[in-house]
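> take a look and give me a structure for this.
(one chain, ligands or ions: 1)
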Amino acid sequence: MIVVTGATGTVGSEVVSGLLGRGEEVRALVRAGSAVPAAWGPRVEAVAADFADPDSLDAALAGADAVYLLVAVHPEMGTHEKNVVDAAVRTGRRPRVVLHAAAGLGQRPDGVRFLAAHAAGFDRLAATGLPWTVLAPNGFFQNFLGMAEAVRGGHLALPGGTGAVSYVDARDVAAAAVEVLTGDGHEGAVYTLTGPEALSHEEIAGRLGAAVGHPVTYTATEPDAALAGMLAADWDPWRAAGLVELYGLYAAGGAAGVTSDVEKLTGGAARSFTGFTAEFAGVLGGEPGR
Ligand SMILES: NC(=O)c1ccc[n+]([C@@H]2O[C@H](COP(=O)([O-])OP(=O)(O)OC[C@H]3O[C@@H](n4cnc5c(N)ncnc54)[C@H](OP(=O)(O)O)[C@@H]3O)[C@@H](O)[C@H]2O)c1
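Got it, this is the predicted structure:
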(Lines give C-alpha, C1' and ligand atoms only; values in the text may rest on other atoms or scores of the structure.)
Protein backbone atom coordinates (compact mmCIF):
# COMPACT_ATOMS: atom_id res chain seq x y z
CA MET A 1 0.00 0.00 0.00
CA ILE A 2 1.29 3.41 -0.98
CA VAL A 3 0.57 6.49 1.17
CA VAL A 4 0.46 9.81 -0.70
CA THR A 5 0.81 13.03 1.28
CA GLY A 6 -0.16 16.38 -0.21
CA ALA A 7 -2.69 14.24 -2.05
CA THR A 8 -5.22 16.96 -2.86
CA GLY A 9 -2.59 19.34 -4.31
CA THR A 10 -1.22 20.06 -7.78
CA VAL A 11 1.23 17.16 -7.88
CA GLY A 12 -0.27 14.81 -5.28
CA SER A 13 -3.66 14.60 -6.99
CA GLU A 14 -1.95 13.52 -10.21
CA VAL A 15 0.16 10.99 -8.29
CA VAL A 16 -2.99 9.45 -6.80
CA SER A 17 -4.62 9.20 -10.25
CA GLY A 18 -1.49 7.71 -11.75
CA LEU A 19 -1.17 5.09 -9.02
CA LEU A 20 -4.84 4.15 -9.40
CA GLY A 21 -4.22 3.73 -13.12
CA ARG A 22 -1.53 1.18 -12.24
CA GLY A 23 -3.94 -0.73 -10.00
CA GLU A 24 -2.06 0.20 -6.83
CA GLU A 25 -3.61 0.27 -3.38
CA VAL A 26 -3.55 3.96 -2.41
CA ARG A 27 -4.08 5.74 0.89
CA ALA A 28 -4.33 9.52 0.68
CA LEU A 29 -3.36 11.68 3.62
CA VAL A 30 -5.95 14.47 3.68
CA ARG A 31 -6.41 17.25 6.21
CA ALA A 32 -9.64 17.08 8.20
CA GLY A 33 -12.15 19.29 6.47
CA SER A 34 -10.39 19.28 3.09
CA ALA A 35 -12.44 18.25 0.09
CA VAL A 36 -11.69 14.77 -1.25
CA PRO A 37 -11.83 14.73 -5.08
CA ALA A 38 -14.96 12.87 -6.24
CA ALA A 39 -12.87 11.18 -8.95
CA TRP A 40 -11.04 9.11 -6.34
CA GLY A 41 -14.11 7.01 -5.55
CA PRO A 42 -13.93 4.17 -3.05
CA ARG A 43 -10.60 2.89 -4.39
CA VAL A 44 -8.68 5.53 -2.45
CA GLU A 45 -8.63 5.28 1.31
CA ALA A 46 -8.62 8.87 2.57
CA VAL A 47 -7.18 9.25 6.07
CA ALA A 48 -7.42 12.51 8.00
CA ALA A 49 -4.02 13.67 9.24
CA ASP A 50 -1.94 16.80 9.67
CA PHE A 51 1.81 17.20 9.17
CA ALA A 52 1.96 18.98 12.52
CA ASP A 53 0.28 16.13 14.42
CA PRO A 54 2.56 13.08 14.85
CA ASP A 55 -0.21 10.85 16.23
CA SER A 56 -2.33 11.45 13.15
CA LEU A 57 0.69 10.65 10.98
CA ASP A 58 1.18 7.33 12.78
CA ALA A 59 -2.39 6.36 11.91
CA ALA A 60 -2.00 7.55 8.32
CA LEU A 61 1.24 5.67 7.67
CA ALA A 62 0.42 2.41 9.48
CA GLY A 63 0.92 -0.51 7.12
CA ALA A 64 2.60 1.55 4.37
CA ASP A 65 4.99 -0.11 1.93
CA ALA A 66 5.92 3.22 0.35
CA VAL A 67 5.29 6.89 1.11
CA TYR A 68 5.18 9.83 -1.29
CA LEU A 69 6.31 12.63 0.99
CA LEU A 70 5.15 16.00 -0.35
CA VAL A 71 4.61 18.85 2.10
CA ALA A 72 3.10 22.25 1.36
CA VAL A 73 5.13 25.47 1.40
CA HIS A 74 4.83 26.62 5.03
CA PRO A 75 7.11 28.16 7.66
CA GLU A 76 7.24 24.75 9.36
CA MET A 77 7.68 22.71 6.17
CA GLY A 78 11.08 21.34 7.24
CA THR A 79 9.60 20.12 10.52
CA HIS A 80 6.60 18.71 8.64
CA GLU A 81 8.92 16.62 6.44
CA LYS A 82 10.80 15.40 9.51
CA ASN A 83 7.51 14.50 11.21
CA VAL A 84 6.48 12.30 8.28
CA VAL A 85 9.94 10.69 8.13
CA ASP A 86 9.79 9.94 11.87
CA ALA A 87 6.31 8.42 11.48
CA ALA A 88 7.63 6.26 8.63
CA VAL A 89 10.33 4.95 10.97
CA ARG A 90 7.74 4.25 13.69
CA THR A 91 5.74 1.99 11.36
CA GLY A 92 8.53 -0.55 11.90
CA ARG A 93 8.04 -1.75 8.31
CA ARG A 94 10.89 0.16 6.61
CA PRO A 95 8.67 1.70 3.95
CA ARG A 96 10.35 3.26 0.92
CA VAL A 97 10.12 7.03 1.18
CA VAL A 98 10.06 9.13 -1.98
CA LEU A 99 10.78 12.69 -0.92
CA HIS A 100 9.35 15.41 -3.15
CA ALA A 101 11.83 18.26 -2.71
CA ALA A 102 12.97 20.88 -5.23
CA ALA A 103 15.73 21.39 -7.79
CA GLY A 104 18.87 22.79 -6.22
CA LEU A 105 18.61 20.52 -3.17
CA GLY A 106 21.98 18.95 -4.02
CA GLN A 107 23.76 22.29 -4.31
CA ARG A 108 22.23 23.65 -1.10
CA PRO A 109 22.48 27.31 -2.11
CA ASP A 110 22.61 29.73 0.79
CA GLY A 111 19.60 31.81 1.59
CA VAL A 112 16.77 29.96 -0.17
CA ARG A 113 14.48 28.94 2.67
CA PHE A 114 12.37 26.44 0.71
CA LEU A 115 15.52 24.53 -0.26
CA ALA A 116 16.90 24.74 3.27
CA ALA A 117 13.67 23.18 4.57
CA HIS A 118 13.81 20.35 2.04
CA ALA A 119 17.48 19.82 2.89
CA ALA A 120 16.56 19.45 6.57
CA GLY A 121 13.88 16.90 5.69
CA PHE A 122 16.28 15.03 3.44
CA ASP A 123 19.01 14.92 6.09
CA ARG A 124 16.55 13.41 8.55
CA LEU A 125 15.45 10.85 5.97
CA ALA A 126 18.99 9.87 4.97
CA ALA A 127 19.88 9.36 8.64
CA THR A 128 17.05 6.87 9.20
CA GLY A 129 18.44 4.08 7.06
CA LEU A 130 15.06 3.77 5.31
CA PRO A 131 15.21 3.20 1.55
CA TRP A 132 14.79 6.61 -0.05
CA THR A 133 14.59 8.40 -3.38
CA VAL A 134 14.44 12.15 -3.96
CA LEU A 135 12.51 13.90 -6.71
CA ALA A 136 13.86 17.43 -7.10
CA PRO A 137 11.67 19.28 -9.62
CA ASN A 138 12.35 22.74 -10.93
CA GLY A 139 9.60 25.39 -10.86
CA PHE A 140 6.27 24.21 -12.26
CA PHE A 141 4.67 25.47 -15.50
CA GLN A 142 1.46 25.51 -13.46
CA ASN A 143 2.77 28.48 -11.41
CA PHE A 144 1.98 30.66 -14.44
CA LEU A 145 -1.72 29.75 -14.24
CA GLY A 146 -1.74 31.82 -11.05
CA MET A 147 -0.44 34.79 -13.06
CA ALA A 148 -3.32 34.79 -15.54
CA GLU A 149 -4.42 38.27 -14.51
CA ALA A 150 -0.96 39.66 -15.33
CA VAL A 151 -0.94 37.75 -18.61
CA ARG A 152 -4.35 39.20 -19.50
CA GLY A 153 -2.97 42.65 -18.68
CA GLY A 154 -0.04 42.01 -21.04
CA HIS A 155 2.67 42.47 -18.46
CA LEU A 156 4.64 40.12 -16.23
CA ALA A 157 6.78 41.70 -13.49
CA LEU A 158 8.97 39.26 -11.55
CA PRO A 159 12.29 39.45 -9.70
CA GLY A 160 13.79 36.83 -12.02
CA GLY A 161 16.38 39.05 -13.71
CA THR A 162 17.63 37.64 -16.99
CA GLY A 163 18.35 34.13 -15.73
CA ALA A 164 16.85 31.16 -17.55
CA VAL A 165 14.83 28.50 -15.73
CA SER A 166 14.11 24.95 -16.90
CA TYR A 167 10.52 24.96 -15.62
CA VAL A 168 8.75 21.58 -15.69
CA ASP A 169 5.13 20.46 -16.01
CA ALA A 170 3.80 19.25 -12.64
CA ARG A 171 2.08 16.39 -14.47
CA ASP A 172 5.50 15.12 -15.60
CA VAL A 173 6.68 15.33 -12.00
CA ALA A 174 3.71 13.20 -10.95
CA ALA A 175 4.33 10.69 -13.75
CA ALA A 176 7.96 10.38 -12.63
CA ALA A 177 6.77 9.88 -9.05
CA VAL A 178 4.46 7.05 -10.10
CA GLU A 179 7.36 5.29 -11.85
CA VAL A 180 9.61 5.61 -8.81
CA LEU A 181 6.88 4.49 -6.40
CA THR A 182 5.97 1.42 -8.43
CA GLY A 183 9.35 0.45 -9.91
CA ASP A 184 12.63 -0.95 -8.65
CA GLY A 185 16.18 0.34 -8.67
CA HIS A 186 15.60 3.90 -7.48
CA GLU A 187 17.04 3.63 -3.98
CA GLY A 188 19.49 6.40 -3.11
CA ALA A 189 18.81 8.29 -6.36
CA VAL A 190 18.19 12.03 -6.61
CA TYR A 191 16.28 12.87 -9.79
CA THR A 192 16.30 16.51 -10.89
CA LEU A 193 13.13 16.97 -12.93
CA THR A 194 13.15 19.73 -15.55
CA GLY A 195 11.40 20.65 -18.73
CA PRO A 196 13.13 20.22 -22.09
CA GLU A 197 14.63 23.74 -22.21
CA ALA A 198 15.64 26.65 -20.02
CA LEU A 199 13.80 29.90 -20.77
CA SER A 200 14.36 33.42 -19.51
CA HIS A 201 11.27 35.14 -18.14
CA GLU A 202 11.37 37.41 -21.17
CA GLU A 203 11.10 34.34 -23.40
CA ILE A 204 8.36 32.98 -21.15
CA ALA A 205 6.41 36.22 -21.48
CA GLY A 206 6.81 36.00 -25.25
CA ARG A 207 5.41 32.47 -25.36
CA LEU A 208 2.54 33.37 -23.06
CA GLY A 209 1.75 36.28 -25.37
CA ALA A 210 1.85 34.06 -28.45
CA ALA A 211 -0.59 31.64 -26.80
CA VAL A 212 -3.11 34.24 -25.66
CA GLY A 213 -2.94 36.30 -28.84
CA HIS A 214 -1.59 39.61 -27.57
CA PRO A 215 1.85 40.80 -26.51
CA VAL A 216 2.99 40.05 -22.96
CA THR A 217 6.08 41.94 -21.85
CA TYR A 218 8.39 41.19 -18.93
CA THR A 219 9.96 43.55 -16.43
CA ALA A 220 12.66 42.30 -14.08
CA THR A 221 11.74 43.89 -10.76
CA GLU A 222 14.19 44.53 -7.95
CA PRO A 223 13.86 42.02 -5.09
CA ASP A 224 12.91 44.67 -2.51
CA ALA A 225 10.21 46.11 -4.76
CA ALA A 226 8.87 42.62 -5.51
CA LEU A 227 8.68 41.83 -1.80
CA ALA A 228 6.97 45.13 -1.03
CA GLY A 229 4.42 44.44 -3.78
CA MET A 230 3.60 40.98 -2.43
CA LEU A 231 3.27 42.25 1.13
CA ALA A 232 0.99 45.04 -0.06
CA ALA A 233 -1.11 42.36 -1.76
CA ASP A 234 -1.41 40.56 1.58
CA TRP A 235 0.90 37.64 0.87
CA ASP A 236 2.12 35.62 3.82
CA PRO A 237 5.46 37.34 4.65
CA TRP A 238 7.42 34.09 5.03
CA ARG A 239 6.24 32.75 1.71
CA ALA A 240 6.75 36.09 -0.06
CA ALA A 241 10.33 36.40 1.19
CA GLY A 242 10.96 32.79 0.17
CA LEU A 243 9.73 33.43 -3.35
CA VAL A 244 11.98 36.46 -3.69
CA GLU A 245 14.92 34.29 -2.57
CA LEU A 246 13.98 31.64 -5.12
CA TYR A 247 13.73 34.19 -7.93
CA GLY A 248 17.15 35.43 -6.85
CA LEU A 249 18.47 31.93 -7.53
CA TYR A 250 16.70 32.00 -10.91
CA ALA A 251 18.17 35.42 -11.71
CA ALA A 252 21.66 34.10 -10.96
CA GLY A 253 21.18 31.24 -13.42
CA GLY A 254 21.01 28.67 -10.61
CA ALA A 255 17.96 26.86 -12.03
CA ALA A 256 18.92 26.73 -15.70
CA GLY A 257 20.22 23.18 -15.91
CA VAL A 258 18.25 20.80 -18.14
CA THR A 259 18.18 17.09 -17.35
CA SER A 260 16.67 14.08 -19.10
CA ASP A 261 15.39 12.56 -15.83
CA VAL A 262 11.69 12.94 -16.76
CA GLU A 263 12.25 10.99 -19.96
CA LYS A 264 14.51 8.45 -18.24
CA LEU A 265 11.82 7.71 -15.67
CA THR A 266 8.63 7.96 -17.72
CA GLY A 267 9.86 6.91 -21.15
CA GLY A 268 8.22 9.99 -22.68
CA ALA A 269 9.62 13.41 -23.54
CA ALA A 270 9.07 16.12 -20.94
CA ARG A 271 6.23 18.48 -21.90
CA SER A 272 7.26 21.80 -23.44
CA PHE A 273 6.25 25.22 -22.17
CA THR A 274 4.91 26.12 -25.61
CA GLY A 275 2.64 23.08 -25.53
CA PHE A 276 1.53 23.96 -22.02
CA THR A 277 0.63 27.54 -22.95
CA ALA A 278 -1.36 26.31 -25.95
CA GLU A 279 -3.21 23.78 -23.78
CA PHE A 280 -4.08 26.39 -21.14
CA ALA A 281 -4.49 29.46 -23.36
CA GLY A 282 -8.11 29.79 -22.28
CA VAL A 283 -7.18 29.87 -18.59
CA LEU A 284 -4.23 32.17 -19.21
CA GLY A 285 -6.32 34.78 -20.90
CA GLY A 286 -6.80 33.90 -24.53
CA GLU A 287 -10.15 33.52 -26.20
CA PRO A 288 -12.12 30.56 -24.83
CA GLY A 289 -11.59 27.40 -26.78
CA ARG A 290 -8.29 28.46 -28.30
N1 LIG B 1 5.50 25.19 -7.20
C2 LIG B 1 6.70 24.94 -7.67
O3 LIG B 1 7.14 25.53 -8.66
C4 LIG B 1 7.56 23.90 -7.01
C5 LIG B 1 8.72 23.47 -7.66
C6 LIG B 1 9.51 22.51 -7.04
C7 LIG B 1 9.14 21.98 -5.82
N8 LIG B 1 8.00 22.43 -5.22
C9 LIG B 1 7.63 21.83 -3.93
O10 LIG B 1 6.39 21.17 -4.14
C11 LIG B 1 5.65 21.19 -2.92
C12 LIG B 1 4.28 21.75 -3.21
O13 LIG B 1 3.64 20.87 -4.15
P14 LIG B 1 2.22 21.23 -4.76
O15 LIG B 1 2.32 22.51 -5.52
O16 LIG B 1 1.68 20.02 -5.44
O17 LIG B 1 1.41 21.52 -3.42
P18 LIG B 1 -0.03 22.21 -3.26
O19 LIG B 1 -0.79 22.16 -4.54
O20 LIG B 1 0.19 23.51 -2.59
O21 LIG B 1 -0.74 21.22 -2.24
C22 LIG B 1 -0.29 21.09 -0.92
C23 LIG B 1 -0.88 19.83 -0.33
O24 LIG B 1 -0.45 19.71 1.03
C25 LIG B 1 -1.61 19.54 1.86
N26 LIG B 1 -1.36 20.14 3.15
C27 LIG B 1 -1.14 21.45 3.42
N28 LIG B 1 -0.90 21.61 4.73
C29 LIG B 1 -1.01 20.39 5.31
C30 LIG B 1 -0.88 19.92 6.64
N31 LIG B 1 -0.60 20.75 7.66
N32 LIG B 1 -1.05 18.61 6.87
C33 LIG B 1 -1.35 17.77 5.86
N34 LIG B 1 -1.49 18.14 4.57
C35 LIG B 1 -1.31 19.45 4.30
C36 LIG B 1 -2.72 20.25 1.10
O37 LIG B 1 -3.95 19.75 1.55
P38 LIG B 1 -5.28 20.65 1.67
O39 LIG B 1 -6.16 20.19 0.55
O40 LIG B 1 -5.81 20.30 2.99
O41 LIG B 1 -4.87 22.10 1.57
C42 LIG B 1 -2.40 19.81 -0.33
O43 LIG B 1 -2.83 18.50 -0.55
C44 LIG B 1 6.44 22.01 -1.92
O45 LIG B 1 7.17 21.14 -1.10
C46 LIG B 1 7.38 22.82 -2.82
O47 LIG B 1 8.58 23.18 -2.16
C48 LIG B 1 7.19 23.35 -5.79
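> please make it C-alpha for all contacts and neighbour counts, starting now.
Noted.
> what's the local residue count around Gln142?
Neighbour count of Gln142, defined by other Cα atoms under 10 Å: 18.
> checking it next. Helix, strand or coil?
Assigned with DSSP: H, G, I helix; E, B strand; the rest coil, Gln142 falls in the helix class.
> surely it meets Tyr167?
No. Between Gln142 and Tyr167 there is no contact under Cα atoms under 8 Å: 9.3 Å.
> okay, strands next: where are they in this structure?
2-4, 26-30, 44-48, 66-69, 96-100, 132-137, 155-158, 164-165, 190-193, 199-200, 217-220 (DSSP state E).
> mean confidence for the first one?
The predicted model gives strand 2-4 an average pLDDT of 98.
> how far off centre is it?
Centroid displacement of strand 2-4 relative to its chain, using Cα atoms, centre = their mean, to the nearest Å, is 16 Å.
> so what are the sheet partners of it and their directions?
Here strand 2-4 has these sheet partners by DSSP bridges: strand 26-30 (parallel), strand 66-69 (parallel).
> any weak-confidence spans in this protein?
By pLDDT under 70, the low-scoring segments of the chain are 286-290.
> near Gly161, how many other residues are there?
By other Cα under 10 Å, 23 other residues sit near Gly161.
> equivalent analysis for Ala127, please.
Neighbours around Ala127, by other Cα under 10 Å: 8.
> how close does it sit to Lys82?
Ala127 is 11 Å from Lys82, where distance means Cα to Cα, to the nearest Å.
> now do the end-to-end distance for stretch 229-237.
11 Å.
> stretch 89-105 now?
This stretch, stretch 89-105, spans 23 Å end to end (Cα to Cα).
> so which residues make contact with it?
Here stretch 89-105 makes contact (Cα atoms under 8 Å, 6 or more residues apart in numbering) with 58, 61-71, 85, 88, 115-116, 118-119, 122, 128, 130-139, 177, 180-181, 192-193, 254-255.
> what do you get for stretch 20-33?
The contact list for stretch 20-33 (Cα under 8 Å, 6+ apart) reads 1-8, 16, 19, 36, 43-50, 60.
> hmm, back to that, could you dump the strands paired with strand 2-4 to TSV with distance to Ala205 and mean neighbour count?
TSV is the format used below for these (distance: least, Cα to Cα, whole Å; neighbours: other Cα atoms under 10 Å):
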stretch	distance to Ala205	mean neighbour count
strand 26-30	35	24
strand 66-69	33	25
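> take the ones you listed and write them to a markdown table, including distance to Pro215.
Formatted as a markdown table, those follow (distance: least, Cα to Cα, whole Å):
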| stretch | distance to Pro215 |
| --- | --- |
| strand 26-30 | 41 |
| strand 66-69 | 40 |
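> can you tell which of those is closest to the ligand?
Among these, the nearest to the ligand by Cα to the nearest ligand atom is strand 26-30 (5.8 Å).
> sorry, back to before: with distance to the ligand added, can I get the strands paired with strand 2-4 in TSV?
Formatted as TSV, the strands paired with strand 2-4 follow (distance: least, Cα to the nearest ligand atom, whole Å):
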stretch	distance to the ligand
strand 26-30	6
strand 66-69	9
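> out of the ones you listed, nearest to Ala232?
Across those, Ala232 has its closest neighbour in strand 26-30 (31.6 Å, Cα to Cα).
> near the ligand at all, stretch 97-106?
Yes. For stretch 97-106 and the ligand, the contact criterion (Cα under 6 Å from any ligand atom) is met by 101-102.
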